[in-house]
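**Q** Quick one, fold the following:
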Amino acid sequence: MKKSKTIEQWFEYGRKCFHLPNGVEAIRGFEKVIRLNPAYRHHDGDNPYFYLGKIAEIECRLTAAFVYYSRALAIDPADEQSLIGRGSCATVIGEHEQAIEDFFRLLKLSPKKRNVPDKHILYVLAKNFSRLKKWSQAIYWAQQAVYADPGDERHQKLFEKIVASKIFNDN
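**A** Numbering: from 1, shown residues only. Reported below is the predicted structural model:
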């Protein structure tokens, strides 16, 4: 008689398939983990919802990705990669208030405990505020992005674009 896999073995199988990449089998592995324990968290901190979110995001199923990242954050509210994933999906699907909330949460994490540099978070905050036409906040965060990395041309261009948009919208 064949011994069935443990929940950790199913998780490792899903993760291995994710990195191959073999999305179909990765999904199968992670969904098995969720059926066994919906709140499963691997000893390294990862959980199946993050990977399912990443797969959905890669497949451009952004609403599904948003839901998976939200479930990952229900298990670990400080999961950096899930905050980035959900914030990015929220930005693209037009949920800018949610994106701003996620990126603020990310910014509040200790820089020693996160991998993403401040300058990137500041940039996406400015982008989301500009899409909401909240010009003073957009200018502030774009300026902070420029201060964080003065040589970054992309940050400088965003700042200039936001200032120009504010002037245009004020007239």
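**Q** When you work out contacts or count neighbours from here on, use the C-alpha atoms and nothing else.
**A** Will do.
**Q** Would you check how far apart F104 and V116 are?
**A** Separation of F104 from V116 (CA to CA, to the nearest Å): 13 Å.
**Q** now swap in L107 and tell me
**A** In terms of CA to CA, L107 sits 9 Å off from V116.
**Q** Of the two, which one has the most company?
**A** More neighbours surround L107 than the other of L107 and V116, with 20 against 14 (other CA atoms under 10 Å).
**Q** Test my guess that that one contacts D118.
**A** Yes. The criterion here is CA atoms under 8 Å, and L107 meets it with D118 at 6.9 Å.
**Q** For R35, the count of nearby residues, please.
**A** 11.
**Q** and the lengthiest helix in the chain, which residues are buried?
**A** Identified as the longest helix of the chain according to DSSP state H is helix 153-170. Residues H155, Q156, L158, F159, I162, V163, K166 are the ones in helix 153-170 that count as buried (16 or more other CA atoms under 10 Å).
**Q** What of stretch 127-144?
**A** Applying 16+ other CA under 10 Å to stretch 127-144 flags 127-130, 135, 137-144 as buried.
**Q** How is this structure divided into domains?
**A** Structural domains assigned to the chain are 1-110, 117-171, following automatic domain parsing.
**Q** Dump these into JSON lines; add mean pLDDT as well.
**A** Listed next are the domains of the chain as JSON lines, based on pLDDT from 0 to 100:
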{"stretch": "domain 1-110", "mean pLDDT": "95"}
{"stretch": "domain 117-171", "mean pLDDT": "93"}
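**Q** Next up, phi/psi of A39, please.
**A** phi -110, psi 20 (degrees, to the nearest 10).
**Q** Look at it and say how many residues are nearby.
**A** With other CA under 10 Å as criterion, A39 counts 17.
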